[in-house]
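Asker: coordinates only, sequence not included:
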């Protein structure tokens, strides 16, 4: 079945450092890919998405490119802020049965940014 | 446009009691999804509902769990005779027809004593 693997945390960075959180997936077909962010004590917020190969999703300085050849959707940000501290989840829409509504999530990566 | 609403935000139950979790989707969204997040895990799909219909409940435990989305009112996730292993965060999401982006509520954190 479909699966998502993302780099394990926690990740600790200093403010203004470069961020990469790796995400790879296994899926049948061409699923949509997402990054969600969860701030402490809150629900998930959609950060960005991409629906087809070579699409780049971007929001709030974060970017991720849908790479079909490497089945990856790595999250990047050029200069992180303390307010970016959160848990980041990579997800894809769909399962092996063709149900496009099922989101399959990675385990999440905790990011802590120190001033 | 208000976001997805869930209540209560925190729920404490003793083993054997019933837990009832509510979810009001965003305005114009007729599709509701429930996910469960165990500690230090990603979210796992439980059930997908449209108004008055269960479309896919393949992620729901076979016993004690049920979900509904009536014509009027919020979607309800019901857990009967709770056990400690049911302690988790339960998230509801909604989407409009034809869109694969799901918008999540703040979650209900269930603790079973």
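Answerer: Received it, and whenever you're ready, just let me know what you need. Computed from a prediction, not measured in an experiment: that's the story for all the values here.
Asker: need the contact list for residue 20.
Answerer: Defaulting to chain A. Taking C-beta atoms under 8 Å, 6 or more residues apart in numbering or on different chains, we find residue A:20 in contact with A:74-76. For every residue, glycine as well, the C-beta is placed using N, CA and C.
Asker: um, chain B though
Answerer: Counted by C-beta under 8 Å, 6+ apart, residue B:20 has contacts B:76-79.
Asker: thinking again about what came up before, just the buried ones from the contacts of residue A:20?
Answerer: Buried subset of the contacts of residue A:20 (neighbour count, 16 or more other C-beta atoms under 10 Å in any protein chain shown): A:74-75.
Asker: circling back: derive a ChimeraX selection command for the buried subset of the contacts of residue B:20.
Answerer: To isolate the buried members of those in ChimeraX, using 16+ other C-beta under 10 Å:
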select /B:76,77,79
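Asker: Show me which of the contacts of residue B:20 is closest to residue A:32.
Answerer: Comparing the contacts of residue B:20 against residue A:32 with C-beta to C-beta places residue B:77 closest, at 25.1 Å.
Asker: Just the closest residue of chain B to chain A, please.
Answerer: The minimum distance from chain B to chain A, using C-beta to the nearest C-beta, falls at residue B:42 (3.5 Å).
Asker: Thought residue A:103 was touching that residue, still the case?
Answerer: No: in this structure, residue B:42 is not within contact of residue A:103 by C-beta atoms under 8 Å, at 9.4 Å.
Asker: quick one, which of those two is more surrounded?
Answerer: residue A:103 (29 against 20; other C-beta atoms under 10 Å in any protein chain shown).
Asker: wait, what's in contact with the more buried one?
Answerer: Contacts of residue A:103 by C-beta under 8 Å, 6+ apart are A:34, A:91-93, B:33, B:35, B:43, B:45, B:93, B:102.
Asker: At the contact with chain A, which residues of chain B appear?
Answerer: For chain B, the residues in contact with chain A (C-beta under 8 Å from any C-beta of the partner chain) are B:4, B:6, B:31, B:33, B:35, B:40-45, B:48, B:55-56, B:59, B:91, B:93, B:95, B:100-107.
Asker: How is residue A:83 assigned, secondary-structure-wise?
Answerer: helix (DSSP: H, G, I helix; E, B strand; the rest coil).
Asker: Spatially, what comes nearest to residue B:5 if we skip its sequence neighbours?
Answerer: residue B:24 (4.2 Å; C-beta to C-beta, 6 or more residues apart in numbering or on different chains).
Asker: tell me the pLDDT at the one you found?
Answerer: pLDDT for residue B:24: 96.
Asker: just to revisit the earlier point, most widely separated two among the contacts of residue B:20?
Answerer: So, these by C-beta to C-beta: farthest apart are B:76 and B:79, at 10.5 Å.
Asker: now the strands: where do they sit in the chain?
Answerer: All of this is about chain A. A:3-6, A:11-14, A:19-21, A:23-26, A:32-38, A:44-50, A:56-59, A:62-65, A:75-77, A:86-93, A:103-105, A:109-114 (DSSP state E).
Asker: not quite, I wanted chain B
Answerer: Using DSSP E, the strands of chain B run over residues B:5-7, B:10-13, B:19-24, B:31-37, B:43-50, B:53-56, B:65-68, B:75-79, B:88-95, B:103-104, B:108-112.
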